[in-house]
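In: I would like to see how this sequence folds:
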Amino acid sequence: MQKEAEISSNDGINLIVFIKENKVISYIEHSRGKGDFWKLSRKCLNYENSILTITSSKNDWIY
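Out: I've put the predicted structure just below:
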């Protein structure tokens with residue numbers, strides 16, 4: 001993934017990867033300024049029972 005995505009040189013994005021049957025089917029380079037997924041770093045979410053919510057912290061970052 002790092003060969004195709006900016007994640008290796010850009011600390012301002014999260015790389016969200018979509019996997020099906022152990023193969024990458026798509027990915028999104030999501031700006032951390034529009035929502036930071038650092039708490040989910042290196043974790044997988046199950047499609048059937050995953051709900052993402054927006055929460056604002058003291059320094060106005062969203063995760």
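
In: pretty sure E29 is touching E6, no?
Out: Yes - with contacts counted by CB atoms under 8 Å, E29 reaches E6, the gap being 5.9 Å. Every C-beta, even on glycine, is put in place using the N, C-alpha and C of the backbone.

In: which residues do the two both contact?
Out: Shared contacts of E29 and E6, defined by CB atoms under 8 Å, 6 or more residues apart in numbering, are found at I13.

In: quick one: E6 from G12, how far?
Out: The gap separating E6 from G12 is 9 Å, by CB to CB, to the nearest Å.

In: So which bits of stretch 15-33 are buried?
Out: Buried positions in stretch 15-33, judged by neighbour count with 16 or more other CB atoms under 10 Å: 15, 32.

In: So which residue is smack in the middle of this structure?
Out: In the chain, the C-alpha nearest the mean C-alpha coordinate belongs to I16, at 3.6 Å (CA atoms, centre = their mean).

In: Which residues does that one form beta bridges with?
Out: Note on I16: beta-bridge partners I28, judged by DSSP bridges.

In: State the pLDDT value of it.
Out: Per-residue pLDDT puts I16 at 85.

In: Do you have the strands of this protein handy? List them.
Out: Using DSSP state E, the strands of the chain run over 13-20, 23-31.

In: Dump those strands into JSON lines; add distance to K43 as well.
Out: Listed next are these as JSON lines, based on distance: least, CB to CB, whole Å:
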{"stretch": "strand 13-20", "distance to K43": "11"}
{"stretch": "strand 23-31", "distance to K43": "15"}
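
In: Nearest to N49, out of those strands?
Out: Taking CB to CB, strand 13-20 is the member of the strands of the chain nearest to N49, at 16.1 Å.

In: which helices and strands sit right next to that closest one?
Out: Here strand 13-20 touches strand 23-31, going by 3 or more CB pairs under 8 Å, 6 or more residues apart in numbering; DSSP states H and E.

In: Run through who's touching the strand it packs on.
Out: 1, 4-7, 10, 12-19, 37.

In: I'd like to check the angle between that strand and strand 13-20, please.
Out: When axes from the mean of the first three to the mean of the last three CA atoms, to 10 degrees is applied, the directions of strand 23-31 and strand 13-20 differ by 160 degrees.
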